[in-house]
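Q: need a 3D model of the sequence below.
(one chain, ligands or ions: 2)
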Amino acid sequence: MNNFLTLNPISEVNGNIYLPGSKSITNRVLLLSALSNGKTHLKNILYSDDTIHMLNALKIMGIKYNLINKNNCIIYGCSNNFQYQSGISLFLGNAGTVVRPLTAILSLQNKEIIITGDLSMKKRPIKDLIDSLRQGGGKIKYLEQENYLPIKIQGGFVGGKIIIKSNISSQFLTSLLISAPLSKKDTNIIIKNTLVSQPYIDMTLKIMEDFGIMVYNNHYQDFYIPGNQTYHSPGEYLIEGDASSATYFLAAAAIKGKKIKVIGINQDSIQGDIKFVDILKKMGAKIHWGENFIECMKGQLKGITLDANDIPDAAMTIAMLGLFTDGSTTNIKNIYNWRVKETDRLHAMSNELKKIGANIIEGEDYISITPPKEFIHAKINTYNDHRMAMCFSLIALSNTPVTIMNPNCVSKTFPKYFSEFKKISNLKK
Ligand SMILES: O=C(O)C1=C[C@@H](OP(=O)(O)O)[C@@H](O)[C@H](O)C1
Ligand SMILES: C=C(OP(=O)(O)O)C(=O)O
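A: Residues are numbered from 1 along each chain as shown. Ligands and ions are numbered 1, 2, ... in the order given. This is a model prediction of the structure:
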């Protein structure tokens, strides 16, 4: 693929999409399977940059696995007994769901290991996690800039009473929760500040339960986890389709759908981004839930005002839908942590939406979108952010083409995104 991609105007979208596995679930179950006793057959894994980083890291840490094909993998668990040489280094790209959980898990091992990432990851927050691990005895040093990657972990984490700031990323709490059962002491985690992205914590707790570990959850204020436990392989684990990846196709259908069916997910999903479907319906799309699919058809869309703190990833797609309303404004609130993701997403969204002619107000933690009078063909900078690339593909559903710079960045979570998108698109004659 070139370093830009021009999508011509699409008159209608129609067809079926088999969703790739959820990134968040894949990386959690890869790690828990590796920590478990026994082997686990993981079905419908996502195979993309973020999960390849997890697989590579596990291999370096001595885990044996058999990647049967790109969707199926057998992991041979090590009962929390990773085999790696002290002093090695792990490069984990820009994968938050690898960097944060491995930082916590590796703090349990009494060996030295360095964790680093790409330029974007080196700017993303980790301090609140490191502070909490240090309270539990973790010995961790910043190697370049204070509070950022790269870090050197020297083990020492034993659990105990830990206060954690959870308003910037829920991944810090997820990481602590996953490591707590393996620590020497029982752990009591106390939440400071309001918890952001809460559904991802529910997902963590559910998956821990699937691997035999119960956590006492006191209304998300504090959590209690007995120490000295082992994860137990469930034998087999089927990973749901990715709800965040589904949003682009469902949104396309809401704007110009004959009908799109996304397959591999349903109403019982453990992914918070499934809530996007209800929002889409509220905005005017027609939705039908199936046993293992969701169907969406076009409707007259209207703007909404929404607190999107629970669904930061899907909220980007709602911002795009805001361009296709009857003229009414869409307000997305309480999304401060967009600023500390792959890029500053509030800034990136606002810049690029303005380029295509939309009327945008960017606040510290909100964005308002009013549709353009006329769409303008623009070169969209993606800031190496997969969601920027996928979101702006939807501009081709206006009567104007769109040029996406660095489209390959979708490989973080959805390497085949553009070929799938083209399959469902009928171009204007
Ligand atoms: O735990 C997870 O799997 C994730 C949590 C969210 O991050 P924050 O908790 O940083 O909002 C989300 O944006 C990310 O894509 C995946
Ligand atoms: C925020 C994201 O990724 P990460 O898991 O790296 O935080 C994302 O996928 O939108």
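
Q: OK, contacts around Ala319?
A: Thr330, Ile332, Met349, Leu353, Ile367, Ile369, Cys391 (CB atoms under 8 Å, 6 or more residues apart in numbering). No exception for glycine: its C-beta is placed from N, CA and C like everyone else's.

Q: what bridges to the fifth one?
A: Residues in a beta bridge with Ile367, per DSSP bridges, are Ile332, Glu362.

Q: just the helices in the stretch 1-150 of the chain please.
A: 23-35, 49-60, 96-106, 127-135 (DSSP state H, counting those that start in this stretch).

Q: okay, the ones you listed in JSON lines with mean neighbour count next?
A: Output for these, formatted as JSON lines (neighbours: other CB atoms under 10 Å):
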{"stretch": "helix 23-35", "mean neighbour count": "27"}
{"stretch": "helix 49-60", "mean neighbour count": "20"}
{"stretch": "helix 96-106", "mean neighbour count": "26"}
{"stretch": "helix 127-135", "mean neighbour count": "21"}
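
Q: tell me which of these lies nearest to ligand 1.
A: Nearest to ligand 1 among the helices of the stretch 1-150 of the chain is helix 23-35 (3.1 Å), distances taken as CB to the nearest ligand atom.

Q: looking at it, Gln121 is touching Arg100, isn't it?
A: Not quite, residue 121 is Met, not Gln. No - the pair Met121 and Arg100 does not pass the contact test of CB atoms under 8 Å, sitting 10.3 Å apart.

Q: so where's the stretch 51-200 of the chain uncertain?
A: Within the stretch 51-200 of the chain, no range satisfies pLDDT under 70.

Q: got the residues of the stretch 51-200 of the chain near ligand 1?
A: Gly96, Thr97, Ser169, Ser170, Gln171, Thr174, Val196, Ser197, Tyr200 (CB under 6 Å from any ligand atom).

Q: now for the residues you listed: which two are most distant?
A: Between any two of these, the greatest separation by CB to CB is 15.0 Å, found for Thr97 and Val196.

Q: now, the contacts of Ala319 that are in strands?
A: When DSSP state E is applied, these are split such that Thr330, Ile332, Ile367, Ile369 fall in strands.

Q: just curious, which of the contacts of Ala319 is nearest to Val340?
A: Nearest member of those to Val340, counting by CB to CB, is Met349, at 14.2 Å.

Q: contacts only, for Tyr84.
A: Counted by CB under 8 Å, 6+ apart, Tyr84 has contacts Ile60, Met61, Gly62, Lys111, Ile113.

Q: can you select the buried ones from these in PyMOL?
A: Those of the contacts of Tyr84 that count as buried under 16 or more other CB atoms under 10 Å are selected in PyMOL with:
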select buried, resi 60+61+113
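
Q: restricted to strands, list the contacts of Tyr84.
A: Ile113.

Q: show the contacting residues for whichever residue of the stretch 1-150 of the chain sits closest to ligand 2.
A: Nearest to ligand 2 in the stretch 1-150 of the chain, going by CB to the nearest ligand atom, is Gly96, at a distance of 2.7 Å. When contacts are counted by CB under 8 Å, 6+ apart, Gly96 touches Met121, Arg124, Ser169, Gln171, Lys341.

Q: and if you look at Thr204?
A: Going by CB under 8 Å, 6+ apart, the list of residues near Thr204 reads Arg28, Leu173, Thr174, Leu177, Ile178.

Q: do Ser425 as well
A: Applying CB under 8 Å, 6+ apart, the residues near Ser425 are Ile10, Val13, Ala252, Ala396.

Q: separation between it and ligand 2?
A: As judged by CB to the nearest ligand atom, to the nearest Å, Ser425 and ligand 2 stand 23 Å apart.

Q: and for Ile265?
A: From Ile265 to ligand 2 the distance is 17 Å (CB to the nearest ligand atom).

Q: same check on Ala253?
A: 21 Å.

Q: ok, now Cys391?
A: Counting by CB to the nearest ligand atom - Cys391 and ligand 2 are separated by 11 Å.

Q: buried residues in stretch 359-379, which are they?
A: Quick answer for stretch 359-379 (16+ other CB under 10 Å): Ile360, Tyr366, Ile367, Ser368, Ile369, Thr370, Pro371, Pro372, Phe375, Ala378.

Q: possible to save those residues as a markdown table with distance to ligand 1 and pLDDT?
A: Shown next, in a markdown table, are those (distance: CB to the nearest ligand atom, whole Å; pLDDT from 0 to 100):
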| residue | distance to ligand 1 | pLDDT |
| --- | --- | --- |
| Ile360 | 22 | 98 |
| Tyr366 | 16 | 98 |
| Ile367 | 16 | 98 |
| Ser368 | 21 | 98 |
| Ile369 | 20 | 98 |
| Thr370 | 26 | 98 |
| Pro371 | 26 | 98 |
| Pro372 | 28 | 98 |
| Phe375 | 28 | 98 |
| Ala378 | 26 | 98 |
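
Q: where exactly do the strands run in the stretch 301-429 of the chain?
A: Listed in chain order, the strands of the stretch 301-429 of the chain (DSSP state E, counting those that start in this stretch) span 305-307, 330-333, 359-362, 367-370, 379-380, 402-405, 425-427.

Q: run through who's touching the fifth one.
A: Spelled out, that is strand 379-380. Applying CB under 8 Å, 6+ apart, the set of residues contacting strand 379-380 is Phe4, Glu352, Lys355, Ile356, Met388, Ala389, Phe392, Ile395, Val402, Thr403, Ile404, Met405.

Q: can I take it that Met203 is in a helix?
A: Yes - the assignment for Met203, made by DSSP: H, G, I helix; E, B strand; the rest coil, places it in a helix.
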